[in-house]
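Chemist: Structure of the sequence below:
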Amino acid sequence: MSAGGPLALLRAMRPHQWTKNVLVAAVPLASGMLFQLDVLLPTIGAFVAFCLAASGTYLINDTVDVEADRAHPTKRHRPIASGALSPRVAVIAAVVLFIAAIALGWWISVGLGAVVAAYMVVTLSYSLRLKHEPVIELVFVSLGFLLRAIAGGVASGITISSWFLIVAGFGSLFMATGKRSSELNQSLAADPENRGSTRRVLAGYTPTYLWFVWGLAATVTVTAYCLWAFEVAAIDTRVPWAELSIIPFVLAILRYAVDIDSNTAGAPDEVVLKDRVLMFLGVLWVVTFALGALGV
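Modeler: Numbering: from 1, shown residues only. Reported below is the predicted structural model:
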């Protein structure tokens, strides 16, 4: 394939990672209003806007990291690192995607346009500099997930619960730290003398520190979720669905912790799709929480 070919560009946009953007449906789903047309359409628009913005940041990130990726055992196969896509074409495509993402966001609502722009600032700051700063990079990765979760509420004009923000924020930190923990342990297994051989920031962490952070994040996430669930439970239902949703939620956290501890959580989106037990618990949680939010 020639440099800049459409298939190479599509691969570099990482469409398989667009699943992360499903988070934009979190607030509408939690409110029980997701399937109302005036909420569903803005939510879909927010999803598309974040897919465009995320793909743009992936292109910039891979362009900046092209030399490091060429020395990496798996990343060297990425389109830009392998030479299938020229950096110039990648940057031009990224600019087009950024403009399209902000334009779509602003067309849906000014607030959504601002959230999409904030997401781009956060992710570009991370890609260009902050991904090499221990702790700070964890916060910025978590912010990327949190802004996705906020976007759905902003797009449809739904008030966002404070408990939801805490759950989304610390849940994101839990996943981000779990990712780093898996990467660090894999790096130590491959080269005990150089834990930053695959990702420079790993040199600033130890396994015990990351274990502490993801344990703390999980504790706050579960506690805040319980309080949020009881807030939702204020809606009168025949079955206490919101309270019951705590069970699959906690089990999902514990199951994901198993993946972290076994060093297989390096790619959160792949973990969710490959771990059938985790996927089942996730679906069960969505169903029970949604029934509670809908007042069934």
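
Chemist: which regions of the stretch 1-150 of the chain lie under the pLDDT threshold?
Modeler: Applying pLDDT under 70 to the stretch 1-150 of the chain flags the ranges 1-4, 72.

Chemist: okay, the residue sitting furthest away from the middle of the chain: pLDDT?
Modeler: For the chain, the largest distance from the centre (C-alpha atoms, centre = their mean) belongs to residue 238, which lies 34.2 Å off. Note on residue 238: pLDDT of 77.

Chemist: OK, contacts around it?
Modeler: Counting by C-beta atoms under 8 Å, 6 or more residues apart in numbering, residue 238 makes contact with residue 296. Yep, even glycine has a C-beta here, placed from its N, CA and C like the rest.

Chemist: So which residues of the stretch 151-296 of the chain form helices?
Modeler: Here the stretch 151-296 of the chain has its helices, by DSSP state H, counting those that start in this stretch, at 162-190, 207-232, 241-244, 246-261, 268-274, 276-294.

Chemist: Give me the packing partners of the third one, helices and strands only.
Modeler: Contact analysis of helix 241-244 by 3 or more C-beta pairs under 8 Å, 6 or more residues apart in numbering; DSSP states H and E lists helix 207-232, helix 276-294 as its packing neighbours.

Chemist: Just to check, residue 111 is in contact with residue 156?
Modeler: No: with contact defined as C-beta atoms under 8 Å, residue 111 does not count as touching residue 156 (10.1 Å).

Chemist: These two - which one has more neighbours?
Modeler: Shown here are residue 111 and residue 156; by other C-beta atoms under 10 Å, residue 156 has more neighbours (26 against 16).

Chemist: For that one, give me the pLDDT.
Modeler: Per the predicted model, pLDDT is 89 at residue 156.

Chemist: What number of residues are in the vicinity of residue 74?
Modeler: Neighbour count of residue 74, defined by other C-beta under 10 Å: 8.

Chemist: swap in residue 121?
Modeler: Residue 121 is flanked by 12 other residues according to other C-beta under 10 Å.

Chemist: Check the one 10 residues further on too.
Modeler: Residues contacting residue 131 under the criterion other C-beta under 10 Å number 19.

Chemist: gap between the residue lying closest to residue 143 once chain neighbours are set aside and residue 90?
Modeler: The shortest distance from residue 143 to any non-neighbouring residue, by C-beta to C-beta, 6 or more residues apart in numbering, is to residue 122 (5.0 Å). Residue 122 sits 20 Å away from residue 90, going by C-beta to C-beta, to the nearest Å.

Chemist: Give the residue from those two that has the larger number of neighbours.
Modeler: residue 90 (26 against 20).

Chemist: Tabulate the helices of the stretch 151-296 of the chain in JSON lines, adding columns for distance to residue 83 and mean pLDDT.
Modeler: Shown next, in JSON lines, are the helices of the stretch 151-296 of the chain (distance: least, C-beta to C-beta, whole Å; pLDDT from 0 to 100):
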{"stretch": "helix 162-190", "distance to residue 83": "26", "mean pLDDT": "88"}
{"stretch": "helix 207-232", "distance to residue 83": "35", "mean pLDDT": "92"}
{"stretch": "helix 241-244", "distance to residue 83": "53", "mean pLDDT": "88"}
{"stretch": "helix 246-261", "distance to residue 83": "34", "mean pLDDT": "92"}
{"stretch": "helix 268-274", "distance to residue 83": "25", "mean pLDDT": "73"}
{"stretch": "helix 276-294", "distance to residue 83": "36", "mean pLDDT": "87"}
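
Chemist: Mind putting these into CSV with mean neighbour count and distance to residue 96?
Modeler: Output for those, formatted as CSV (neighbours: other C-beta atoms under 10 Å; distance: least, C-beta to C-beta, whole Å):
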stretch, mean neighbour count, distance to residue 96
helix 162-190, 21, 28
helix 207-232, 18, 36
helix 241-244, 20, 43
helix 246-261, 18, 36
helix 268-274, 16, 24
helix 276-294, 17, 34
